[in-house]
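**Q** After the sequence you'll find the predicted model.
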Amino acid sequence: MTATTQKETLGFQTEVKQLLHLMIHSLYSNKEIFLRELVSNASDAADKLRFEALANPELLEKDPELKIRISFDKDANTLTIEDNAIGMSRDEVLSHLGTIAKSGTAEFMQQLTGDQKKDSQLIGQFGVGFYSAFIVAKKVEVFTRRAGLSAEEGVLWSSEGEGEFDIETINKPERGSRIVLHLKDDEKEFADGWRLRNVITKYSDHVALPIELPKEHHGEEEAPAEAEWEVVNRASALWTRPRTEVKDEEYKEFYKHVAHDFDDPLAWSHNKVEGKLEYTSLLYVPGRAPFDLYHREAPRGLKLYVQRVFIMDQADEFLPLYLRFIKGVVDSNDLSLNVSREILQKDPVIDSMKTALTKRALDMLEKMAKNDAENYAKVWDAFGQVLKEGPAEDFANKEKIAGLLRFASTHGTDGTQNIALADYVSRLQEGQDKIYYLTGDSYDHIKNSPHLEVFRKKGIEVLLLSDRIDEWMMSYLTEFDGKQLVDVARGDLDLGELDSEEDKKAQEEIAKDKQALVERLNAVLLEQVSDVRVSHRLTDSPAILAIGEQDLGLQMRQILEASGQKVPESKPVFEFNPTHPLLEKLDNEADEDRFADLALILFDQAALAAGDSIKDPAAYVQRLNKLLVEMAG
């Protein structure tokens, strides 16, 4: 016997141990879902075999009728789930049953709190999978052989769900997997035909594969020597049935099967397209974000079927990256059965389908935003940051995506992002033709920004954007509903008709009157600023720093610096409030050294108010201390 055929005892990956403990202790209230998970895995394995058999028909081994059989032994207190699907090789058993082979594992482990109630919620984000068998079983055995391998290359994996598992090579004439659950003493209910029937009908009726149970023989003296089997599920692909025939509960259970999620979806859209292109789609909006949502390279996409034959699990060619959270199925009549990723990327049919499916997904979100604000708020909390990638990625749907975005604003009090651009437009003041916004690194910082002073005075609403992605997003989102979006911290603020003729005239007069002060400040701040001017934005603060029209804002500079990229050189504009007592004092200061110290203190304070760092903190402290000593007499 070679080394590879010997029995080995191996340790579980640490994450598996924690997940097992979590599931065994947290899912006791909904333990029957273990059967849904094992049936879903068998269904996925059958899908994979059908696909591989397109190119290699020998894999079907003269047994083309794929099915799942569930049997039980009351005396031995065991439950068996058997399929004649693709099965697993020894290496596949090790990678699938000894580790959690899914990106986001590290984040999953970091989220665990030790609080059972909170931790059980995390399972929904992660998917439940094979390990759910240990909710009801004290021992699990998996007998498996991959299609195409010889009978001598079968594998037996077994574990009691503690710290380790055994793996050995066995003889298994038939391909596929047989999972034997040795039920715990208090789980005898699952060695019962009636109970199993109920669970399968509830969770797995939609599975497009016959699920067979032994036929019950009521009233007969004895059961036949040869087991008779009957199909207990509908065994037709749910997405192929008319919408009117599918109940909400069936849609929800199918989502859990497709997404391997523990929770219900928030919305779905089932659509059949006929005509030039023929395909069916069933799209879902999940209730929560997976751990790998922000890994743009993580596997994602829809399950692709061609004429009901499974082709691939995560076909990412049908939706843009900013909709990567959408789950579901697309089944096409217009693609060839031997389609591969390379062919998908070059097929013009895919482009047409992607355009239509993107619109379908956005329509579903739009309908939700309009008719179900409570659930849309959940969508925004979970996926808002990802939707914000949309304006840059999808020019054709920019206006539609903009309508789905939500913001905090000066009309709110707690920073909740619940204001749509359409809401803002509906509240425009007379003469207002722009949408005003301000970006910064936190809501608490920007809500008190000096840049908002004139807007507060005039009662004009300003959107407050504090997510890291916001400044980048707004460089692509320049207008909505024909209204220009304007950053209130950028360029020379022009309020247009919101300023009366008297206001404009007064501003011009003050600018002329303070020209000498502008020139004195310019001379002192020449190295730090690109310009000095009288501000129209300020009512209470002495000075602010405005960003040049084409310059990067603080958010973008910080992101580039953090990623090690070179940040283009730029200098802010120093704007001062001519009516502020400090500026009046400065204007009357005859001592040029003292004037320079005061001007530099004002500049550094304006940088701090903008959320920026001071270039020379020690010099700032020295100047400030000098001023305090003078004030103290």
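**A** Noted; the coordinates are in hand.
**Q** Figure out the length between the terminal residues of stretch 429-442.
**A** Using C-alpha to C-alpha, to the nearest Å, the end-to-end distance of stretch 429-442 comes out at 27 Å.
**Q** Strands of the stretch 51-200 of the chain, start to end?
**A** 68-73, 78-83, 137-145, 154-159, 164-170, 176-183 (DSSP state E, counting those that start in this stretch).
**Q** CSV please, covering those strands and showing mean neighbour count, distance to Arg195 and mean pLDDT.
**A** The C-beta positions use only the backbone N, C-alpha and C, and glycine is treated the same way. CSV is the format used below for those (neighbours: other C-beta atoms under 10 Å; distance: least, C-beta to C-beta, whole Å; pLDDT from 0 to 100):
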stretch, mean neighbour count, distance to Arg195, mean pLDDT
strand 68-73, 21, 9, 95
strand 78-83, 21, 10, 97
strand 137-145, 21, 15, 95
strand 154-159, 22, 25, 94
strand 164-170, 17, 28, 92
strand 176-183, 22, 12, 97
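**Q** mind checking pLDDT for Met1?
**A** We have a pLDDT of 40 for Met1.
**Q** picking that back up, could I get the strands of the stretch 51-200 of the chain as CSV with distance to Val232?
**A** What follows is the strands of the stretch 51-200 of the chain, written out as CSV (distance: least, C-beta to C-beta, whole Å):
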stretch, distance to Val232
strand 68-73, 8
strand 78-83, 13
strand 137-145, 21
strand 154-159, 27
strand 164-170, 29
strand 176-183, 18
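**Q** For Asp44, which of these is the nearest?
**A** In terms of C-beta to C-beta, the element of the strands of the stretch 51-200 of the chain nearest to Asp44 is strand 78-83, at 10.0 Å.
**Q** The closest one versus strand 137-145: what angle between them?
**A** 30 degrees (axes from the mean of the first three to the mean of the last three C-alpha atoms, to 10 degrees).
**Q** Can you name every helix or strand that strand 78-83 contacts?
**A** Here strand 78-83 touches helix 33-55, strand 68-73, strand 176-183, going by 3 or more C-beta pairs under 8 Å, 6 or more residues apart in numbering; DSSP states H and E.
**Q** Out of those, flag the one nearest Gln622.
**A** helix 33-55 (66.9 Å).
**Q** Send me the closest one as CSV with only the CA atoms.
**A** Provided in CSV are the C-alpha atoms of helix 33-55 (Å, rounded to 0.1, in the frame of the first residue of the first chain):
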residue,chain,number,x,y,z
ILE,A,33,-31.4,23.4,7.7
PHE,A,34,-28.5,20.9,7.7
LEU,A,35,-30.5,18.8,5.2
ARG,A,36,-31.1,21.8,2.9
GLU,A,37,-27.3,22.4,2.9
LEU,A,38,-26.3,18.8,2.1
VAL,A,39,-29.0,18.6,-0.6
SER,A,40,-27.7,21.9,-2.1
ASN,A,41,-24.2,20.6,-2.1
ALA,A,42,-25.3,17.4,-3.9
SER,A,43,-27.3,19.5,-6.4
ASP,A,44,-24.2,21.6,-7.1
ALA,A,45,-22.1,18.5,-7.6
ALA,A,46,-24.6,17.2,-10.1
ASP,A,47,-24.5,20.5,-12.0
LYS,A,48,-20.7,20.3,-12.2
LEU,A,49,-20.8,16.7,-13.5
ARG,A,50,-23.3,17.7,-16.2
PHE,A,51,-21.0,20.5,-17.3
GLU,A,52,-17.8,18.4,-17.4
ALA,A,53,-19.7,15.6,-19.2
LEU,A,54,-20.4,17.9,-22.1
ALA,A,55,-16.7,17.7,-23.1
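**Q** Show me what it is packed against.
**A** strand 68-73, strand 78-83, strand 176-183, helix 193-203, helix 248-259, strand 309-315.
**Q** okay if I get the ones you listed as TSV plus distance to Ala151?
**A** What follows is the helices and strands packed on helix 33-55, written out as TSV (distance: least, C-beta to C-beta, whole Å):
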stretch	distance to Ala151
strand 68-73	19
strand 78-83	16
strand 176-183	12
helix 193-203	30
helix 248-259	31
strand 309-315	26
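**Q** What is the neighbour count of Ile33?
**A** Around Ile33 sit 20 other residues, with neighbours defined as other C-beta atoms under 10 Å.
**Q** got it, and the one 4 residues further on?
**A** Other residues within reach of Glu37, judged by other C-beta under 10 Å, total 23.
**Q** List the contacts of it.
**A** Contact analysis of Glu37 by C-beta atoms under 8 Å, 6 or more residues apart in numbering lists 128-130, 132-133, 260.
**Q** And those, which two are furthest apart?
**A** Ala133 and His260 (14.8 Å).
**Q** re the thing from before, now neighbour count, pLDDT and distance to Leu495 too, for the contacts of Glu37, in CSV please.
**A** Formatted as CSV, the contacts of Glu37 follow (neighbours: other C-beta atoms under 10 Å; pLDDT from 0 to 100; distance: C-beta to C-beta, whole Å):
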residue, neighbour count, pLDDT, distance to Leu495
Val128, 23, 63, 56
Gly129, 19, 76, 58
Phe130, 16, 84, 62
Ser132, 26, 85, 61
Ala133, 25, 90, 66
His260, 18, 79, 53
